[in-house]
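Q: Turn this into a structure:
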Amino acid sequence: MIEIITISTYLNNYDHVPLVDVRSPAEFKQGHIPNAINIPLFSNDERAEVGTVYKQKSKEAAYDLGYKIVEPKLVSFIDKSIKVAPNKVIAVHCWRGGMRSQSFAQHLYDNGFEKVYVIEKGYKAFRNFALLFFEQKFKLKILGGYTGSGKTDVLKVLKKRGEQVIDLEGLANHKGSAFGAIGEKEQPTTEQFQNNLFIEMYALNIDDTIWVEDESSNIGKVVIPQPFFIQMREQVVYFLDINVTERAVYLSNTYGLFDNTKLKESIQKITKRLGSDRARLAIDAIDRDDLMEAAIISLKYYDKFYLKGLEKRNPSMVIKIPLSTVDAEASANYLMAL
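A: As a prediction, this is how the structure comes out:
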């Protein structure tokens, strides 16, 4: 049986059903429903070719070309789908619930699949649903602090203790500074980052508190959804106030695991803001393996930059938490006692 369902129905009732995205690999990479498996009807080049025929000739000519391209792949579609859904119950979508998903669903049903759900209006419906989700009110607690305060580690401890936590930097594959890409995987597109963020938040109880790290609107190359970012800026910031030396120790231990060449490249990215003399001193320090000194020099820039952003907030919305050292457990204890 083939059944058309809305994206909300899928997410609320059938998210355990394997989901296949039949769009091209390029479309899938740009943005997809998290956990969906890509079984493309067309390669990127094939999709472009069909689109050209559609524009220059006719819908019928494009359909004929599409069928000619797809026909040799029909058996492989069944094989790949069975690997995704051995019990032969599956969900399918394309860009907006059109011919690609409908044809794929019919092919699966005709070849032994017991139940095929087709997402109404496809990925476009999911994307609209996700963006609309961020416009509702959330109960956010914002964890702030200068660079090197170990905020991500604190969030991990809070999560282990049962708090609801969203790790924006983890979702972005970026630590939010010129050094942020070191040791991380390739960043997702902004679209995919927002999709992943939505799925994580959708699984939470939005009537309860959610901890989020204080961030700029951009984390590396990805952008936080604007309605959500505005809410982040309106909430109280719990600011971990730790002295520069302790934070430099934390950073030198953290980044000491990586190649010095990458550290120097990151310093060069902020030369203009750090100043050529300070940048040179920082690079010289890295060459001497004095990462502590390089960290202290870099923090002079990052502390100034963060403080500038903090001063834009209402002072009554910033709660400073003086701590003697970078210690995730101690920081979490303090926060949970507030």
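Q: Can you name the residues that contact the closest residue to residue 252 other than its chain neighbours?
A: Closest residue to residue 252 apart from its sequence neighbours, by Cβ to Cβ, 6 or more residues apart in numbering: residue 291 at 3.8 Å. Every residue, glycine included, has its C-beta placed from N, CA and C. Residues near residue 291 by Cβ atoms under 8 Å, 6 or more residues apart in numbering: 251-252, 255-256, 263, 285.
Q: Which pLDDT value does the model give residue 291?
A: Confidence at residue 291, expressed as pLDDT, is 93.
Q: quick one on the thing from earlier: make JSON lines out of the contacts of residue 291 and add neighbour count, pLDDT and distance to residue 274.
A: Output for the contacts of residue 291, formatted as JSON lines (neighbours: other Cβ atoms under 10 Å; pLDDT from 0 to 100; distance: Cβ to Cβ, whole Å):
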{"residue": "251", "neighbour count": "24", "pLDDT": "94", "distance to residue 274": "15"}
{"residue": "252", "neighbour count": "18", "pLDDT": "93", "distance to residue 274": "17"}
{"residue": "255", "neighbour count": "23", "pLDDT": "87", "distance to residue 274": "16"}
{"residue": "256", "neighbour count": "13", "pLDDT": "81", "distance to residue 274": "20"}
{"residue": "263", "neighbour count": "22", "pLDDT": "90", "distance to residue 274": "13"}
{"residue": "285", "neighbour count": "20", "pLDDT": "93", "distance to residue 274": "13"}
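Q: now, which of those sits nearest residue 82?
A: Nearest to residue 82 out of the contacts of residue 291 is residue 255 (Cβ to Cβ; 46.2 Å).
Q: and the closest one, what does it touch?
A: Applying Cβ under 8 Å, 6+ apart, we find residue 255 in contact with 179, 182, 263, 291, 295.
Q: Distance of it relative to residue 154?
A: Relative to residue 154, residue 255 is positioned 18 Å away (Cβ to Cβ, to the nearest Å).
Q: Kindly report the same for residue 75.
A: To residue 154, residue 75 is 52 Å away according to Cβ to Cβ.
Q: So for those two, which sits in the more crowded spot?
A: Ranked by neighbour count (other Cβ atoms under 10 Å), residue 75 and residue 154 place residue 154 first, with 26 against 10.
Q: Let's see the pLDDT reported for that one.
A: What the model reports as pLDDT for residue 154 is 98.
Q: repeat for residue 209
A: 97.
Q: Just the buried residues of the helix or strand harbouring residue 212, please?
A: Secondary structure assignment for residue 212, by DSSP states H and E: strand 209-213. Buried residues in strand 209-213, counted by 16 or more other Cβ atoms under 10 Å: 210-213.
Q: Same question for stretch 6-15.
A: Across stretch 6-15, burial judged by 16+ other Cβ under 10 Å covers 7, 10-11, 14.
Q: Using a markdown table, lay out the residues you listed together with pLDDT.
A: Formatted as a markdown table, these follow (pLDDT from 0 to 100):
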| residue | pLDDT |
| --- | --- |
| 7 | 98 |
| 10 | 98 |
| 11 | 98 |
| 14 | 97 |
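Q: which one among those gets closest to residue 141?
A: Nearest to residue 141, judged by Cβ to Cβ, of these is residue 11 at 25.6 Å.
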